[in-house]
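Peer 1: Build me a model:
(2 chains)
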Amino acid sequence: MPGEAELRLRERLGRLRSMNLLGGTKLSADLERLQRQLERLEEEPTDEDIWRSVELARHSDRPYTLDYVERMLDDWVELHGDRSRADDEAIVAGIGRFAGRTVTLIGHQKGRDLKDRQLRNFGMAFPEGYGKAMRVMELAERHGFPVITLVDTPGAYPGVAAEQHGQGGAIARSQALQARLGVPIVSCIIGEGGSGGAIAIALADRVLMQENAIYSVISPEGCAAILWRDAGQARKAAAAFKPDATHCLELGVIDAIVFEPEGGAQADHDDAARLLAEALHGALEELDGVVGDDLRRARREKFRSMGVYA
Amino acid sequence: MVEPRVDVSIERKDAGAAAAPARRHPNTCPTCGSHYRDDELRANLRVCPQCGHHFAVQARERIEQLSDPGSFEEEAAEVRSADPLAFFDLRPYAERLAEAELATGLGEAIVVGRATLEEHPCVLSVMDFSFLGGSMGSAVGEKFARACETAAVHDAPLVSVTASGGARMQEGILSLMQLPKTVCAVEDLRDSGGAMFSVMAHPTTAGVLASFASLGDVLVAEPGALLSFTGPRVVQQTTREKLPDDFGLAESNYRFGHVDAIVPRSELRGFLARLLRLFSHAG
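Peer 2: Numbers count the residues shown, from 1 in each chain, chains lettered A, B, ... in the order given. As a prediction, the model looks like this:
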């Protein structure tokens, strides 16, 4: 089905093609990328493709936020703590140099080995994590630094203390703050974009998604447990709610797909980081020179128009 | 065995359809076991006269309870859910939608429109748990966003009453996108100088709690309402933690500083009227 996403892509492609008369390698790279995205859109992913994305998005060797930070940013200074209660290690935040400018970067962080996984709470943040994200966004606003967010979480942590500390309110307020920011925000879903815990840091001017990432309202297992009353039906659930990048692009939820090295991002962290940096840089350049009020307005309009109803 | 004080079975998103077999009559109080005729319960605002348990209130009845008689003018009534994913679990989503509409007489899980409350103009946005568990899909998000716009245009505060299990899974990622959508709508309302009062009824959970419901200028909870991002059953299963008796309830949220007031239903109209007076530009 030629969705809105396809039409948008075709339009951009057409624009770039006509500009290409001026030459320039950057443009031809863009052109190639758009062409590949268009080709992807034309091929409907199968149920097996979708499940493969679920597995790759959760692959234990997949690069995590700090793997990208190390490869994409210079002079990284990590900032800790929400200035109120704690430092939630499931979210990392800091300042660094990216493609010649100072940026703030906020991302979910998963752990690699057992101990690290526990420390990072499997990338599941408490309200304190969103508190840390918010205060770093405020810092970005004060100094005019763009905000980059990398999303990789199974979801916000579902625990007693997290509830007592106000998980729902924290996720709502973090989104509200992003709706108010006057600096550019670019997000990329780099692994699991799990529900409220993901959108809490993904209300952005440009939302990118890696080829094998997933973005969903609930985990396949959770959906299966509720609708099929059997968590074992996760494959069926994933096929039904379509959390893969192609469908997200088609539904207008993301702006572009970021390609991964052959076989998936886990196969080559350096190359995955290079492709991600290129995409983030392109998105930031598109937003260069746009004043705060216009950024805010366009960002809100973008999300205001999301959804399909009769 | 003492019965649990509040029914927390909110994960059952197909409420109204396949109810648990041992479910009691809807007019039997789950707290004290008293049974009522529908008209007496209705006359008492669906609060148990014996023990004060707050029963669920459907959207139309809530609007009657809060607004001046005849003042409510519904808006965006024509907005209906679509089925963008052609979603099919044990049954097609389209069938669940049609069934919910037949069972509730509502087009969606939310009713919005202009009204007056003790003669103060306001915009009402009221959710209905009996329509697919009050879940938020694209149509609910759109109707709430329109309510924010109406409130801004008419310079009238928005009174939001929520009762929802969260995002509507059958709309996949688009239902998650209703969180930022409604948040952006509230931010636009704020920029216009408009006020929003959020009344959280049982249950206000997950996606709705994690978006517009938490963003009111004043947050009000009904007694005994479950207000949690994750429901108790999932928390229990995931963490194996022993849950406190008042896990996620309005009273616990109040103690931890997440709501401004717990207002019994009999006082809700008066409480909202006081807020509308305080926030009216006329002074």
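
Peer 1: Which of the helices and strands in chain B ranks last by mean pLDDT?
Peer 2: Within chain B, no helix or strand scores below helix B:232-239, which has a mean of 90 by mean pLDDT, DSSP states H and E.

Peer 1: Could I get the average pLDDT for the helix or strand just after that helix?
Peer 2: Once helix B:232-239 ends, the next helix or strand along the chain (criterion: DSSP states H and E) is helix B:250-255. The average pLDDT within helix B:250-255 is 98.

Peer 1: So which elements touch the least confident helix or strand of chain B?
Peer 2: helix A:160-164 (3 or more C-beta pairs under 8 Å, 6 or more residues apart in numbering or on different chains; DSSP states H and E). Where C-beta positions appear, they are placed from N, C-alpha and C, glycine not excepted.

Peer 1: helix/strand/coil for whichever residue of the stretch 201-310 of chain A sits closest to chain B?
Peer 2: Closest to chain B within the stretch 201-310 of chain A is A:Gly307: 3.1 Å, counting by C-beta to the nearest C-beta. Per DSSP: H, G, I helix; E, B strand; the rest coil, the secondary structure class of A:Gly307 is coil.

Peer 1: and what of A:Met209?
Peer 2: Under three-state DSSP, A:Met209 falls in the strand class.

Peer 1: Do you know the pLDDT at it?
Peer 2: 98.

Peer 1: Equivalent analysis for the one 5 residues further on, please.
Peer 2: Predicted confidence (pLDDT) at A:Ile214: the value is 98.

Peer 1: Settle this for me: it is touching A:Ser53, isn't it.
Peer 2: Yes - counting by C-beta atoms under 8 Å, A:Ser53 is a contact partner of A:Ile214 at 5.5 Å.

Peer 1: Who has more neighbours out of these two?
Peer 2: More crowded of A:Ile214 and A:Ser53, by other C-beta atoms under 10 Å in any protein chain shown: A:Ile214, with 30 against 24.

Peer 1: List the contacts of that one.
Peer 2: A:Ser53, A:Val54, A:Ala57, A:Ile189, A:Gly191, A:Glu192, A:Gly193, A:Ala238, A:Pro243, A:Asp244, A:Ala245 (C-beta atoms under 8 Å, 6 or more residues apart in numbering or on different chains).

Peer 1: What's the local residue count around the closest residue in space to it that isn't next to it in sequence?
Peer 2: Nearest residue to A:Ile214 in three dimensions, chain neighbours excluded: A:Pro243, at 4.0 Å (C-beta to C-beta, 6 or more residues apart in numbering or on different chains). Neighbourhood size, A:Pro243 [other C-beta under 10 Å]: 29.

Peer 1: gap between A:Pro243 and A:Thr153?
Peer 2: 13 Å (C-beta to C-beta, to the nearest Å).

Peer 1: next one: A:Ala265
Peer 2: With C-beta to C-beta as the criterion, A:Ala265 and A:Thr153 are 16 Å apart.

Peer 1: And B:Thr31, by the same measure?
Peer 2: 37 Å.

Peer 1: Check A:Leu181 too.
Peer 2: Applying C-beta to C-beta to A:Leu181 and A:Thr153 gives a distance of 21 Å.

Peer 1: Could you do A:Asp268 as well?
Peer 2: 23 Å.

Peer 1: one step back: looking at A:Leu181 and A:Thr153, which has the bigger crowd around it?
Peer 2: More crowded of A:Leu181 and A:Thr153, by other C-beta under 10 Å: A:Thr153, with 29 against 21.

Peer 1: my read: that one touches A:Arg120, true?
Peer 2: No - counting by C-beta under 8 Å, A:Thr153 stays clear of A:Arg120, with 10.1 Å between them.

Peer 1: Can you pull the residues that touch both of those two?
Peer 2: Common neighbours of A:Thr153 and A:Arg120 (C-beta under 8 Å, 6+ apart) are A:Ala90, A:Lys110.

Peer 1: what's around B:Pro223, how many residues?
Peer 2: 18.

Peer 1: So what would you say the end-to-end distance of stretch A:245-261 is?
Peer 2: Criterion C-alpha to C-alpha, to the nearest Å; first-to-last residue distance in stretch A:245-261 is 15 Å.

Peer 1: is chain B contacted by it?
Peer 2: Yes - interface with chain B: stretch A:245-261 contributes A:His247, A:Cys248, A:Leu251, A:Val253 (C-beta under 8 Å from any C-beta of the partner chain).

Peer 1: before we move on, back to that, overlap of the contact sets of A:Ile214 and A:Ser53?
Peer 2: With C-beta under 8 Å, 6+ apart as the test, A:Ile214 and A:Ser53 both reach A:Pro243, A:Asp244, A:Ala245.

Peer 1: Using TSV, please lay out those residues together with pLDDT and secondary structure.
Peer 2: Below are those laid out as TSV (pLDDT from 0 to 100; DSSP: H, G, I helix; E, B strand; the rest coil):
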residue	pLDDT	secondary structure
A:Pro243	97	coil
A:Asp244	96	strand
A:Ala245	96	helix
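
Peer 1: Closest to B:Ala115 out of those residues?
Peer 2: A:Pro243 (39.6 Å; C-beta to C-beta).

Peer 1: ok, now which ones touch the closest one?
Peer 2: A:Ile50, A:Ser53, A:Val54, A:Gly193, A:Ile214, A:Tyr215, A:Ser216, A:Pro220, B:Gly172, B:Ile173.

Peer 1: Tell me which stretches of chain B form strands.
Peer 2: B:73-75, B:110-117, B:120-127, B:158-164, B:196-204, B:218-221, B:261-262 (DSSP state E).

Peer 1: How far off centre is the last one?
Peer 2: Right, strand B:261-262. Its chain's average C-alpha position is 16 Å from that of strand B:261-262, according to C-alpha atoms, centre = their mean, to the nearest Å.

Peer 1: Could you do stretch A:140-150 as well?
Peer 2: For stretch A:140-150, the distance to the chain centre is 15 Å (C-alpha atoms, centre = their mean).

Peer 1: B:Ala195 touches B:Phe279, doesn't it?
Peer 2: Yes - under the criterion of C-beta under 8 Å, B:Ala195 makes contact with B:Phe279 at 4.5 Å.
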